[in-house]
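> Provided below are the primary sequence and the corresponding predicted coordinates.
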Amino acid sequence: MSISPLVLKLGLVRFATSLLVVLLANVLNRVLIVELQVSASLVTFSFAFQHVMTPIGLVAGYFSDTRSIWGWRRLPYIWGGMALSLIVMPFFPIWARSLALEPQSWIVLNQGVLLFSLFGIGTTVSATAINALLVDQIPEAERGSALTLVWIMTLAGFIVGSSLLHHLLPLYNPAWLDEVFGIVTILALLISLWGTWGIERRTAATPTPLPSLSRLWPTLRLLGSNSQALIFFVFLWASVMFLAIQTFILTSYGGEVLRLPVAETTRFGIYISYGIIIGMIGGHLLLGQWRHFGAKTILALGLILSSLAFGLLSLTSFRPALSLGLGSLWLLGLARGLYNVGISYLTMSLAPSACSGVFMGLWNLVSGLGLVAGEMAGGLLRDQTLQMVGDLNCTYGLIFLLEGLGLLAGLALLLPLNREKYWERYKFLIAKRSA
């Protein structure tokens, strides 16, 4: 299948977003916890607010479904979201230094909450509009593949960003942190402008949604009345949550357990991203060549391999072994790649064209809530478990073990999910409300 220019362009916008995210997740997070010795609970609490803002993406998706701005439906939200994310980036290093000096200051903590909230609004609004534009312009049979390719380009941004930061900041240097943030922000701006050029045609027509889907709350109630939709979104939340617990403690695990410097733990993102891309390409090819595998099978395989990876990470926490620890990161990436492909195909097979903005906004909202729960739990579990057991190695080992067991339990939510039942129920509800 040839790759649509639209998919490549939207992928570039997500690539640019990844450059910003990796700067925060792999550099600022590590510097705050390890070099500046800020409590992991405070750091993860602040970072998590980028995902607390996902309800705004749902509202933006609804407005992009029902109204146009200057003749465009999705493009203004992509532009506006990216602009907001870019504007706040230079303020993060300033905030980090203030937090290190005054970790007990509520004013400084709230400044961080505000920064991450604004950054989160930008990313969720742009991501929702991008996914909705895929539903608008890509044929139904190719949507899962299109979202997978956009996701692969998103991960390519993590790899390039991690490699770039590895060279720009090999060792922590406070004087260089501001310059690095400036360089990466300008690069992301240029890529975003290139990616958004000409992706949506301007039209004078006003969107005309179905009467039963013309307002936000009735649309949400319609989706909520579908038991299969509820199973899907509960599964999405739970699986994202357990996968996210390690997000902001993995680099500190590298520093505190494996005794690696900043430059090496920054490369953790590269190892995982390479694994994810391999897993996504493999999963994409499997679904393309052998349709009988199905998205649920790929998802189940991803969950099982993720559990195995966390089990190995737990083992390397109790008995540190650098080679096995790095191998576990590759396996985790491979497993997450399969998970990403499965959830992409499954999501696009369930997204109604009539309310794609609301559905993808809800998808981002549930994913965001899962990320918030996981990321906050990661920092809290690290600090509280360390306080109880008094040993860093044991602390990380128990947290990774919890993640692995949680992902295995997620299989119980995946099994009853049925695409045919979902659409039967959706059509019945639409017909009932239109009668």
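It's in.

> how much space between Gly122 and Ala188?
Distance from Gly122 to Ala188, counting by Cβ to Cβ, to the nearest Å: 11 Å. C-betas here are computed from N, CA, C, even on glycine.

> next, show the common contact partners of those two.
Leu86 (Cβ atoms under 8 Å, 6 or more residues apart in numbering).

> what about the residue lying closest to Ile138 once chain neighbours are set aside, how many neighbours?
Nearest non-adjacent residue to Ile138, counting by Cβ to Cβ, 6 or more residues apart in numbering: Ala146, 4.7 Å away. Neighbour count of Ala146, defined by other Cβ atoms under 10 Å: 24.

> got a list of what Ala146 touches?
Per Cβ under 8 Å, 6+ apart, neighbours of Ala146: Ser4, Val7, Leu134, Ile138, Met348.

> could you single out the nearest of those to Cys394?
Met348 (42.0 Å; Cβ to Cβ).

> so what's the closest one up against?
Leu134, Val135, Glu140, Arg143, Gly144, Ala146, Leu147.

> so which of those residues are in helices?
Leu134, Val135, Arg143, Gly144, Ala146, Leu147 (DSSP state H).

> could those be laid out in TSV, adding pLDDT?
Formatted as TSV, these follow (pLDDT from 0 to 100):
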residue	pLDDT
Leu134	88
Val135	84
Arg143	84
Gly144	83
Ala146	87
Leu147	86
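
> biggest separation within those, which pair?
Val135 and Gly144 (11.0 Å).

> quick check, distance from the host helix or strand of Leu155 to the centre of its chain.
Element membership of Leu155, judged by DSSP states H and E, is helix 143-168. With Cα atoms, centre = their mean, to the nearest Å as the basis, helix 143-168 stands 12 Å off its chain's centre.

> what do you get for stretch 97-116?
The answer for stretch 97-116 is 24 Å, by Cα atoms, centre = their mean.

> list the buried ones in it?
Within stretch 97-116, the residues that count as buried by 16 or more other Cβ atoms under 10 Å are Arg97, Ser98, Leu99, Ala100, Pro103, Val108, Leu109, Gln111, Gly112, Val113, Leu115, Phe116.

> picking that back up, now, which of the ones in helices among the contacts of Met348 sits nearest Leu332?
Leu147 (21.3 Å).

> how about the closest one, what does it touch?
Asn131, Leu134, Ser344, Tyr345, Thr347, Met348.

> got a markdown table for these, with distance to Thr266 too?
Converted to a markdown table, the contacts of Leu147 look like this (distance: Cβ to Cβ, whole Å):
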| residue | distance to Thr266 |
| --- | --- |
| Asn131 | 29 |
| Leu134 | 31 |
| Ser344 | 27 |
| Tyr345 | 32 |
| Thr347 | 31 |
| Met348 | 33 |
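
> pull the most distant pair out of the residues you listed.
Farthest pair in the contacts of Leu147, by Cβ to Cβ: Asn131 and Tyr345, 13.5 Å.

> Tyr396 and Leu315, how far apart?
Counting by Cβ to Cβ - Tyr396 and Leu315 are separated by 11 Å.

> please disregard the earlier target; I meant Leu58.
From Leu58 to Leu315 the distance is 40 Å (Cβ to Cβ).

> for the helix or strand of the chain at the bottom of the mean pLDDT ranking, buried residues please.
Within the chain, no helix or strand scores below helix 262-266, which has a mean of 76 by mean pLDDT, DSSP states H and E. Residues Val262, Glu264, Thr265, Thr266 are the ones in helix 262-266 that count as buried (16+ other Cβ under 10 Å).

> where exactly do the helices run in the stretch 151-300 of the chain?
174-196, 216-224, 227-244, 250-256, 262-266, 268-289, 294-318 (DSSP state H, counting those that start in this stretch).

> gap between the helix or strand Gly57 falls within and the chain center?
Element membership for Gly57 (DSSP H and E) is helix 54-66. Centroid separation for helix 54-66 versus its chain: 18 Å, with Cα atoms, centre = their mean.

> re earlier: sort the buried residues of stretch 97-116 by pLDDT and name the bottom one.
Lowest in pLDDT among the buried residues of stretch 97-116 is Pro103, which has 82.

> how long is stretch 21-32 from one end to the other?
Chord length of stretch 21-32, first to last residue, is 15 Å (Cα to Cα, to the nearest Å).

> mean confidence score for that stretch?
Here the average pLDDT along stretch 21-32 is 84.

> do the same with stretch 326-341
94.

> and of the helices of the stretch 151-300 of the chain, who's closest to Val52?
Going by Cβ to Cβ, the one of the helices of the stretch 151-300 of the chain nearest Val52 is helix 227-244, 13.4 Å.

> what is the closest one packed up against?
Here helix 227-244 touches helix 322-350, helix 356-389, helix 392-409, helix 411-414, helix 419-434, going by 3 or more Cβ pairs under 8 Å, 6 or more residues apart in numbering; DSSP states H and E.

> put the alpha carbons of that helix into PDB.
Provided in PDB are the C-alpha atoms of helix 227-244 (Å, rounded to 0.1, in the frame of the first residue of the first chain):
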ATOM      1  CA  SER A 227     -21.600  -1.600  26.500                       C
ATOM      2  CA  GLN A 228     -18.900  -2.600  24.000                       C
ATOM      3  CA  ALA A 229     -17.700   1.000  23.900                       C
ATOM      4  CA  LEU A 230     -17.500   1.000  27.700                       C
ATOM      5  CA  ILE A 231     -15.400  -2.200  27.700                       C
ATOM      6  CA  PHE A 232     -13.100  -0.700  25.100                       C
ATOM      7  CA  PHE A 233     -12.500   2.500  27.000                       C
ATOM      8  CA  VAL A 234     -12.000   0.800  30.300                       C
ATOM      9  CA  PHE A 235      -9.400  -1.600  28.700                       C
ATOM     10  CA  LEU A 236      -7.700   1.400  27.100                       C
ATOM     11  CA  TRP A 237      -7.500   3.200  30.500                       C
ATOM     12  CA  ALA A 238      -6.200   0.200  32.400                       C
ATOM     13  CA  SER A 239      -3.600  -0.800  29.800                       C
ATOM     14  CA  VAL A 240      -2.200   2.700  29.300                       C
ATOM     15  CA  MET A 241      -2.100   3.200  33.100                       C
ATOM     16  CA  PHE A 242       0.000   0.100  33.800                       C
ATOM     17  CA  LEU A 243       2.300   0.800  30.900                       C
ATOM     18  CA  ALA A 244       2.800   4.400  32.100                       C
END
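
> can you give me how far it is from the chain middle?
For helix 227-244 - counting by Cα atoms, centre = their mean - the centre lies 14 Å from the chain centre.
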